[in-house]
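S.K.: got a predicted structure here, sequence first:
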Amino acid sequence: IIAFVSSDERLKTNIKPVDDSLNKIIKLNGVSFEWKDGYDDRVQNKTNLGVIAQDVQEVIPEIVKERKDGYLAVQYDQLVPVLIEAVKDQQKQIDELKKKLEVD
């Protein structure tokens, strides 16, 4: 399934860069897990990859929602902009270190 989400600048207001993205990503943990029995028969005995919603809520609360059943859910697609900015922050650090090595 290919899904497109509207992202046109003309539909947006109050546009700001994502702040402190690398530190946010550093605080998160990618995990491997299996769903508990009874959660969803379609995913039993299958290893999954993801994050823990409670951990994400502490760092990026705007992408965690509480469902009607009280469980937390993460909007995974909203992690992409944070990851993009984190890579850019990291690249800036790498470039600065390269320059420093060239001077020394």
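M.R.: Arrived safely. If you're wondering where the values come from, they're calculated on a predicted model, not measured in any experiment.
S.K.: how about the contacts made by the nearest residue to Asn45 once chain neighbours are set aside?
M.R.: Across the structure, with Cβ to Cβ, 6 or more residues apart in numbering as the measure, the residue nearest Asn45 apart from its sequence neighbours is Glu34 (6.9 Å). For every residue, glycine as well, the C-beta is placed using N, CA and C. Contact partners of Glu34, counting by Cβ atoms under 8 Å, 6 or more residues apart in numbering, are Gln44, Asn45, Lys46, Thr47, Asn48.
S.K.: state whether Arg10 is indeed within a helix.
M.R.: Yes. With DSSP: H, G, I helix; E, B strand; the rest coil as the criterion, Arg10 is part of a helix.
S.K.: tell me the confidence at it?
M.R.: Arg10 carries a pLDDT score of 95 in this model.
S.K.: secondary structure element holding the residue nearest to the spatial centre of the chain?
M.R.: Central residue check for the chain by Cα atoms, centre = their mean: the C-alpha nearest the mean position is that of Leu79, 2.6 Å away. With elements delineated by DSSP states H and E, Leu79 resides in helix 79-103, which encompasses its position.
S.K.: now do that helix: distance to the chain's middle.
M.R.: Relative to the centre of its chain, helix 79-103 is centred 18 Å away, using Cα atoms, centre = their mean, to the nearest Å.
S.K.: what are the buried residues along stretch 48-60?
M.R.: Val51, Ala53, Val56, Gln57, Val59, Ile60 (16 or more other Cβ atoms under 10 Å).
S.K.: good, we can wrap up now.
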